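**Student:** pasting the sequence and the predicted model now:
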Amino acid sequence: MPPTPVIPLRLVVEGVERTLWLKLECYSPYGSIKGRTALGLWEDVAGRTDPDVGIIESTSGNLGLALAAVAAAHRVPFTAVMDPRTSVSVLRSVQALGARVVTVDQPDGAGGYLLNRLAYIEQRIDAEPRLVWPNQYANPANPRVHARWTAPELHAQVPTAPLCVLIAVSTGGTLTGFRNFTEDSGCGWDLVGVDLVGSAALGGPTGPRVLSGIGASRRSSYLPDGFSPTLRVTSQEAVSTCLWLLRTTGIALGSSAGALVACALRMFRETPRLVDAACVCPDGADRYTDTIYSLAWRHRNGLADTEVAHGVRVISPVRSVPETAAVGTPDGEAHR
C-alpha cells in the first residue's frame, strides 16, 4: 500500500521562511487516519468475533466509517454508536455499508456525548456477552498501529531534523503511537499534542464543543497524565484555519487538521528558530461538507470566520499532490 502523500507548504511567518509539512491522511485506507486504526483493531479482535453477532464501537464518525467497511468486507455485523455531532454524510455512508447506527443524543455533562455512548455500549455488552467491543479508547492495538505504520512512514518521507510534529487528540492513540516510535527510534522529533478548548482528553476543564473528531469528554486512557507540550485551540480557530487554507492553497482539510495548522502558525510566530513543522492531518473536507464548510452550520454554531493567519504569507501554494491524487475542495473540484 503506498504511503499517504506529504505536501511541503512554504510560508513566510513574521518575516522568517518556514516549511509546514502536511501529511494527508485522507488518502489512507477508508479515507482517514482512522482507517489505519480500524485495521489494527480488527486484527486484534478478528479471532474472537462471532460472525453472527459481530462488533460494536463508539465513534464520532471516521472510525465508524472505517470499521463499517472492514466489517462489510468480512461479512460481520457492525453497530456504530454515534451522536448528533456526526456529519450526516458520514452517518449515511456508514449505513450504506450495511452497519447499524445508534445515535446517543443525551449530552454527558462534560461538553459532549462520549460518556453516554460508552455507557450504552456497556449495556449492550451486558445484554449480549458474545458481542465484541474493539474499544479504540483502551486497546493497545490503537497506538501500536501508529507506532509501527504511520509514524515510520512520516519519518521516511520527512527526514528533516529537528522536526516538530503536531498530532490531534481524541482517544490519544495516534499521539501515543508517535511518542512510542519517537522514544524507540531516537529520531529526535519534538511532539506536540493538540486539543480543543473544553476537551478533557489531555486534562483540563470540560466545556461545550461543536467539532467532531478532536477532543473528548474524559482523559485519554493512553495518556492519563496528559502530555507536554499540549496546545489548545478554539473551534472558531480550527474552522477559520480550514477556510484560510482552502482560500490560499486549494487544500481542503477536516477540523482536526485545521486545529493542527492553527497551532503550527502560533508556534511559528512565537518561536523564530522553528522553521520546520509537520501536521498529521487526519482527514479531508469530504467529511465536513455539511458542517465546517457549510455557512449555515457555522452561523448556527456562532463560528464567524476570523483572522488566523496574521503575519503569514504563502509563497508556494499547492495545486496538486505527487502521483496519488489531487487535493479536492468540498464540492469535488480538484485544484491542479
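**Tutor:** Ah, there it is.
**Student:** spatially central residue in this protein, please.
**Tutor:** The centre of the chain sits closest to residue 282, judged by C-alpha atoms, centre = their mean, with a distance of 3.8 Å.
**Student:** wait, doesn't that one sit right on residue 258?
**Tutor:** No. Counting by C-beta atoms under 8 Å, residue 282 stays clear of residue 258, with 10.6 Å between them. C-beta here means a position set from N, CA and C on the backbone, and glycine is covered the same way.
**Student:** quick one: stretch 152-172 to chain centroid distance?
**Tutor:** 14 Å (C-alpha atoms, centre = their mean, to the nearest Å).
**Student:** tabulate the CA atom coordinates of that stretch in PDB.
**Tutor:** The C-alpha coordinates for stretch 152-172 follow below in PDB (Å, rounded to 0.1, in the frame of the first residue of the first chain):
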ATOM      1  CA  PRO A 152       7.700   5.400  10.500                       C
ATOM      2  CA  GLU A 153       6.000   6.300   7.200                       C
ATOM      3  CA  LEU A 154       6.200  10.000   8.000                       C
ATOM      4  CA  HIS A 155       9.800   9.700   9.200                       C
ATOM      5  CA  ALA A 156      10.800   8.100   5.800                       C
ATOM      6  CA  GLN A 157       9.000  10.900   4.000                       C
ATOM      7  CA  VAL A 158      10.300  13.900   6.000                       C
ATOM      8  CA  PRO A 159      13.900  13.100   7.200                       C
ATOM      9  CA  THR A 160      14.300  16.800   8.300                       C
ATOM     10  CA  ALA A 161      15.900  17.100  11.700                       C
ATOM     11  CA  PRO A 162      15.000  18.600  14.100                       C
ATOM     12  CA  LEU A 163      11.300  18.300  13.300                       C
ATOM     13  CA  CYS A 164       8.300  19.400  15.300                       C
ATOM     14  CA  VAL A 165       5.300  17.000  14.700                       C
ATOM     15  CA  LEU A 166       1.800  18.100  15.700                       C
ATOM     16  CA  ILE A 167      -0.800  15.400  16.500                       C
ATOM     17  CA  ALA A 168      -4.500  16.000  17.200                       C
ATOM     18  CA  VAL A 169      -6.000  14.100  20.100                       C
ATOM     19  CA  SER A 170      -9.300  12.400  20.700                       C
ATOM     20  CA  THR A 171      -8.600   8.900  22.100                       C
ATOM     21  CA  GLY A 172      -4.900   9.700  22.300                       C
END
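**Student:** can you list the buried residues in it?
**Tutor:** Applying a neighbour-count criterion of 16 or more other C-beta atoms under 10 Å, one finds 153-155, 158, 163-172 buried in stretch 152-172.
**Student:** hang on, residue 153 in a helix?
**Tutor:** Yes. Under DSSP: H, G, I helix; E, B strand; the rest coil, residue 153 sits within a helix.
**Student:** for it, give its distance to residue 145.
**Tutor:** 11 Å (C-beta to C-beta, to the nearest Å).
**Student:** what of residue 177?
**Tutor:** Residue 177 is 7 Å from residue 145, by C-beta to C-beta.
**Student:** and these two? Which one has more around it.
**Tutor:** Neighbours per residue (other C-beta atoms under 10 Å) separate residue 177 from residue 145, with residue 177 holding more: 26 against 23.
**Student:** circling back: show me the buried residues of stretch 152-172 that map onto helices.
**Tutor:** Among the buried residues of stretch 152-172, the ones falling in helices (DSSP state H) are 153-155.
**Student:** now pLDDT and distance to residue 76 too, for these, in a markdown table please.
**Tutor:** Listed next are those as a markdown table, based on pLDDT from 0 to 100; distance: C-beta to C-beta, whole Å:
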| residue | pLDDT | distance to residue 76 |
| --- | --- | --- |
| 153 | 97 | 28 |
| 154 | 97 | 31 |
| 155 | 96 | 34 |
